[in-house]
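[1] Give me coordinates for this.
(2 chains)
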Amino acid sequence: MKRNLWAAFAGFLFGTGLVISQMVDRVRVIGFLDILGDWDPTLLFVMLGAVSVTLVLFKPILKWSSPLMVDNFALPKSSKVTSSLIVGALLFGVGWGLSGYCPGPGLAALAWRLKEAVVVLTGFMLGSLCHGWLVYLRRGKQVASKR
Amino acid sequence: MTEYGLPLLGGVLIGLSATLLLAINGRIAGISGMLHSLVHPVPNQTYWRWFFLAGLLSASFLLKMVSYEAIEVPLPHPLWMIGLGGFIAGIGTRMSGGCTSGHGVCGLGRRSPRSIVATVLFMFSGMVTVYLVRIFAEPY
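    Numbering: from 1, shown residues only, chains lettered A, B, ... in the order given. Model (predicted):
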């Protein structure tokens, strides 16, 4: 339970960061991605702030024998650049550019622009589910062809 | 400089949040994965994700209540475009295993080659998409 409360506190920090940096405002996000138009560098400063903290602090923490409240670190193990990473990242960018919301700001936007937030989150969950079905179908086919 | 002071501070808070979660919980603060756990719960590992999301949401509502004015004039994009974008982003994050937080904030922080590639690619395709929308959908 203590661990969950800390996670909630971390989420609270994250949400505060998103709001005060104006990332819940899709105008800011689309303004950043619009490099050939009236470019808005706000998001660059947000990323600079965030990544400079993680770049400095992640390294010493990852040298600990274990995290403070669980037994092990659970990090993605693969370092291979796969085709699904490439296609997936490109697709994510397309969706990000179309909607102006990535998942965090999309959730935070429930407080600010309810209709847009509900629409983007619904789309996101459907996409997430749809990917699950596609993987399931493909696996099914692989199993069938092995027979 | 004050114009970018708040975004910088907001970014630092986001970085600290990710750092705290790693230190306490040994996990990457990836929002797309946490949202996914709402429809596909991870056995024994679900609740901290939901608590994180609840914390994020409550910060947003709380700041709204103290009437922080963050929102400018809305872009007149149709709602279907926002929904379609969410859908495509949902598939993309599952395929690539992360979004702006998991790959961007955390992945870059731990110098993961996959995350560096992913971040460059989604920034690039996002920029191309915004450009195309502006060219072909203007004046909306």
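[2] The helix or strand in which B:Phe136 is found: which residues count as buried?
    Using DSSP states H and E, the element containing B:Phe136 is helix B:113-137. For helix B:113-137, burial by neighbour count (16 or more other Cβ atoms under 10 Å in any protein chain shown) applies to B:114-115, B:117-119, B:121-123, B:125-131, B:133-134. The C-beta positions use only the backbone N, C-alpha and C, and glycine is treated the same way.
[3] And for stretch B:98-118?
    B:98-110, B:112, B:114-115, B:117-118.
[4] show me which of the buried residues of helix B:113-137 neighbour chain A.
    For chain A, the contacts drawn from the buried residues of helix B:113-137 by Cβ under 8 Å from any Cβ of the partner chain are B:114, B:117-119, B:121-123, B:125-131, B:133-134.
[5] Show me what the helix or strand bottoming out on mean pLDDT in chain B packs onto, helices and strands only.
    Least confident helix or strand, chain B: helix B:31-39 with a mean of 92, by mean pLDDT, DSSP states H and E. If contacts are counted by 3 or more Cβ pairs under 8 Å, 6 or more residues apart in numbering or on different chains; DSSP states H and E, helix B:31-39 sits against helix A:103-108, helix A:114-146, helix B:47-65, helix B:79-96.
[6] angle of it against helix B:79-96?
    Relative orientation of helix B:31-39 versus helix B:79-96 (axes from the mean of the first three to the mean of the last three Cα atoms, to 10 degrees): 100 degrees.
[7] residues contacting the residue nearest to A:Pro76 when sequence neighbours are not counted?
    Distances taken as Cβ to Cβ, 6 or more residues apart in numbering or on different chains put B:Gly97 closest to A:Pro76, at 6.6 Å, once the chain neighbours are dropped. By Cβ atoms under 8 Å, 6 or more residues apart in numbering or on different chains, the contact set of B:Gly97 is A:76, A:85, A:88, B:33, B:103, B:114.
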